[in-house]
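Enquirer: Fold the following, please.
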Amino acid sequence: MAAGDITWFNEARTFDYFVGWAATDDIRVAVLDNTTDPTAASTTPALGDFTEVGTAGTYVAGGGSLGDWSTVWSESAGTGTMDSATNPTWALDGNNDTDAYWGLIYNATQAGNPAIAFIELGGPVNMSIGTLTITWNANGIASLTAP
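Expert: Take a look at the predicted model:
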């Protein structure tokens, strides 16, 4: 994988995964270290399966919001698109963590914080000497086509 690559969890690769999600559910991106690397094959992936970077400095537990489900997800003709106008940013701070490896997109409202996809950050990224910004592609974060 290369920095910037986004991978859907296999579990989340069907529209059935999203059944029961409310329009107001908060979709977030958390920053992870490499204690447990995410893989597409992770079974029932959730935020709690991975280790977030430390919460000192500018990073707060749970990461940053991308918006609610109704603004992050759209579907047309069997293709779902995830997008956000928010490019999450954590300003440099001498107290920030020094080993950011992954961004994890997940639903912070649903029980268990189910994960959708992960982003390779090209780590280790030292957030204590530079700002970390995840900039989404102009065409959207990711797409999913119904089988």
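
Enquirer: mind checking the SS state of the residue nearest to the spatial centre of the chain?
Expert: Nearest to the geometric centre of the chain sits Ile105, at 2.0 Å (CA atoms, centre = their mean). Classification of Ile105 using DSSP: H, G, I helix; E, B strand; the rest coil returns strand.

Enquirer: mind listing what it touches?
Expert: By CB atoms under 8 Å, 6 or more residues apart in numbering, Ile105 lies in contact with 27-29, 66, 82, 115-119, 141. In short, each C-beta sits where N, CA and C put it, glycine included.

Enquirer: Show me the residues you listed that map onto strands.
Expert: Using DSSP state E, the subset of these located in strands is 27-29, 66, 82, 115-119.

Enquirer: Who wins on neighbours among these?
Expert: Highest neighbour count within those: Phe118, with 28 neighbours (other CB atoms under 10 Å).

Enquirer: Correct me if wrong: it contacts Pro38.
Expert: Yes. The criterion here is CB atoms under 8 Å, and Phe118 meets it with Pro38 at 4.3 Å.

Enquirer: Mind listing the shared neighbours of the two?
Expert: Counting by CB under 8 Å, 6+ apart, the contacts common to Phe118 and Pro38 are 7, 9, 32, 102, 104.

Enquirer: quick revisit: any idea what the residue nearest to the centre of the chain is bridged to?
Expert: Beta-bridge partners of Ile105, counted by DSSP bridges, are Val29, Ala117.

Enquirer: which strands and helices sit next to the lowest-mean-pLDDT helix or strand in the chain?
Expert: In the chain, no helix or strand scores lower on mean pLDDT, DSSP states H and E than strand 142-145, which sits at a mean of 89. In terms of contacts (3 or more CB pairs under 8 Å, 6 or more residues apart in numbering; DSSP states H and E), strand 142-145 is packed against strand 6-8, strand 79-82.

Enquirer: want to throw the ones you listed into a markdown table with distance to Gly48 and mean pLDDT?
Expert: Below are the helices and strands packed on strand 142-145 laid out as a markdown table (distance: least, CB to CB, whole Å; pLDDT from 0 to 100):
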| stretch | distance to Gly48 | mean pLDDT |
| --- | --- | --- |
| strand 6-8 | 19 | 94 |
| strand 79-82 | 21 | 92 |
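
Enquirer: Deepest-packed of those strands, please.
Expert: Compared across these, strand 6-8 shows the largest average neighbour count, a mean of 17 (mean count of other CB atoms under 10 Å).
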